[in-house]
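*Asks:* next input, structure requested:
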Amino acid sequence: MNRKYRNEQRPRSGLLRGREFVMKDAYSFDIDSESALKSFELMNEVYYKIFKDFKLDFIKANADSGSIGGDLSYEWHFAGESGEDTLFVCDNTKECGTAANVEKLHPLRENGQAKVADEASARYMLSTEGDLVAVYYPKGRSLNLKFIESEDLVDLDPKWTDKPAAKVLDKFQTKTEDGTEMQFKNVVRLMDKQVQPGTKLPDFPIDFSRSRMTTFENLDLVEAQEGDSCPSCNGMGHLKLKKGIEVGHTFYLGTKYSEPLNASYIDRLGKRKFYEMGCYGIGVSRLVGAIADLTRDKLGLRWPAKIAPLQLTVITATDPKPEVTKLIERLQEQRDMLFEVDTSTLGMGGKLMKSKKLGIPLQMIIGENNFPLVEIELRGQRFPAENGEYEYLKKFEEKKDEWKWSIVEERGTEKHLVHIDFADQVVPLLLKDM
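*Replies:* Take a look at the predicted model:
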């Protein structure tokens, strides 16, 4: 675990996107690429199991490795409207189900050919050499600057990638003392694959010698859109847009860092070789913030049982009976569950409300009216198993008479009434689905 710091442009929502957060870091070192890829896939399997335990909708998406580098990486997202990342998921879930960050996915070429756009838009930027870069792409599509960088044809000047066209053109052109315009640099035209001879182009905004103009055609420069055919399954599915909150990232790095750091070994033949590396991270505090953001409601927090600070709050009458003491002792024997007996000066209603606002999944109320029955209220969300069934229902049908176990719903809250001698057995059954 390490503290990380990011110069976030828009920190918000507390832990969801703060400038300081706790990161779980891990690295792998292998002697060859085959072993390194096995380690990479093994760690991704571990991440899959971790995120599955939270019982929330998560997405493993092909991702751009960014400044960290490497040819292969996956982002791990919780799906939610409060997310700032745009993801595409193929709706052909049986045969594909591919997910990718918008920065990674290109539109599909139908039958190997790009669909010709009727009309093109243009965007003007400057290169680090001062050349004018004119990018033409289909009208109605979004240009992705990272796709331009990946083509490795021109180095864009970051100071001029978001400036209005008029300012870019004014900077590109120089004037002599008598007002004569003179261009000393070149023009580089980048044409998206959908911009073909039949596409209507906007007029070029300045007079310029064609001999100083270079054109590159048939490039992948625009982002996919919702409804596009999926490129991963050759159009058998279509892309659906989802918003995601990134909480983890895994990278296959190769020798990008081991070479400059001289992290090497001597093989059996006496040759020096560099280690193949992998890098893996989960933003722990961001993970907590994301789960809180996605599961909360108007009453407060609702933690999944796996990460709840407590799984159960026991709320009793002022003078606990011997049966209550024995129940608490049996609950204490359950090593995989944390609970508290609320001994505050609040009334039973106040204790119940406090536990619910804190997001504790279960509240056990032991009062005078129904004793020896106790009431277990559900605060957390319930999630079915992969087969669509709930774990507790099988036991309920088997034991409901013996345990005097019944289920009622009051004002939208599910309540389980059960004899105090068996309440400690019902609690873990309910937590399995939460």
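*Asks:* next, count neighbours for Lys357.
*Replies:* Under the neighbour criterion other C-beta atoms under 10 Å, Lys357 is assigned a count of 13. C-beta: built from backbone N, CA, C; applies to glycine.
*Asks:* three-state assignment of it?
*Replies:* Here Lys357 is helix, with the state taken from DSSP: H, G, I helix; E, B strand; the rest coil.
*Asks:* tell me where the model's unsure across the stretch 151-300 of the chain.
*Replies:* Within the stretch 151-300 of the chain, the stretches with pLDDT under 70 are 175-184.
*Asks:* which stretches of it form strands?
*Replies:* 174-175, 181-182, 187-192, 213-219, 239-254, 264-266, 272-274, 276-283 (DSSP state E, counting those that start in this stretch).
*Asks:* possible to save the ones you listed as JSON lines with mean neighbour count?
*Replies:* As requested, these are arranged in JSON lines below (neighbours: other C-beta atoms under 10 Å):
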{"stretch": "strand 174-175", "mean neighbour count": "12"}
{"stretch": "strand 181-182", "mean neighbour count": "9"}
{"stretch": "strand 187-192", "mean neighbour count": "21"}
{"stretch": "strand 213-219", "mean neighbour count": "14"}
{"stretch": "strand 239-254", "mean neighbour count": "22"}
{"stretch": "strand 264-266", "mean neighbour count": "12"}
{"stretch": "strand 272-274", "mean neighbour count": "14"}
{"stretch": "strand 276-283", "mean neighbour count": "22"}
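*Asks:* wait, which of the ones you listed is closest to Lys38?
*Replies:* Closest approach to Lys38 among the strands of the stretch 151-300 of the chain is made by strand 276-283 (10.0 Å; C-beta to C-beta).
*Asks:* relative to strand 239-254, how tilted is that closest one?
*Replies:* Using axes from the mean of the first three to the mean of the last three C-alpha atoms, to 10 degrees, the inter-axis angle of strand 276-283 relative to strand 239-254 is 130 degrees.
*Asks:* who touches stretch 395-410?
*Replies:* Leu373, Glu414, Lys415, His416, Leu417, Val418, His419, Asp421, Phe422, Gln425, Val426, Leu429 (C-beta atoms under 8 Å, 6 or more residues apart in numbering).
*Asks:* can you rerun that using 6 Å?
*Replies:* The set of residues external to stretch 395-410 that reach it, using C-beta atoms under 6 Å, 6 or more residues apart in numbering, is Lys415, His416, Leu417, Val418, His419, Phe422, Leu429.
*Asks:* need the max-distance pair from those.
*Replies:* Every pair of those checked by C-beta to C-beta; the farthest is Lys415 and Phe422, at 15.7 Å.
*Asks:* quick revisit: want to throw the strands of the stretch 151-300 of the chain into CSV with distance to Thr325?
*Replies:* Formatted as CSV, the strands of the stretch 151-300 of the chain follow (distance: least, C-beta to C-beta, whole Å):
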stretch, distance to Thr325
strand 174-175, 89
strand 181-182, 92
strand 187-192, 74
strand 213-219, 74
strand 239-254, 42
strand 264-266, 62
strand 272-274, 64
strand 276-283, 41
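*Asks:* which one of those lies closest to Thr93?
*Replies:* strand 239-254 (10.2 Å).
*Asks:* mind saving the C-alpha coords of that closest one as CSV?
*Replies:* What follows is strand 239-254, C-alpha atoms only, in CSV (Å, rounded to 0.1, in the frame of the first residue of the first chain):
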residue,chain,number,x,y,z
LEU,A,239,-21.5,-1.2,-29.2
LYS,A,240,-23.4,0.1,-26.1
LEU,A,241,-22.1,3.1,-24.2
LYS,A,242,-21.5,2.9,-20.5
LYS,A,243,-20.0,5.3,-18.0
GLY,A,244,-17.3,3.9,-15.7
ILE,A,245,-15.5,4.8,-12.5
GLU,A,246,-11.9,3.5,-12.9
VAL,A,247,-10.7,1.8,-9.7
GLY,A,248,-7.9,-0.4,-11.0
HIS,A,249,-5.4,-0.9,-13.9
THR,A,250,-3.2,-3.7,-15.0
PHE,A,251,-0.3,-3.3,-17.4
TYR,A,252,2.0,-5.7,-19.3
LEU,A,253,5.2,-3.5,-19.5
GLY,A,254,7.7,-5.8,-21.3
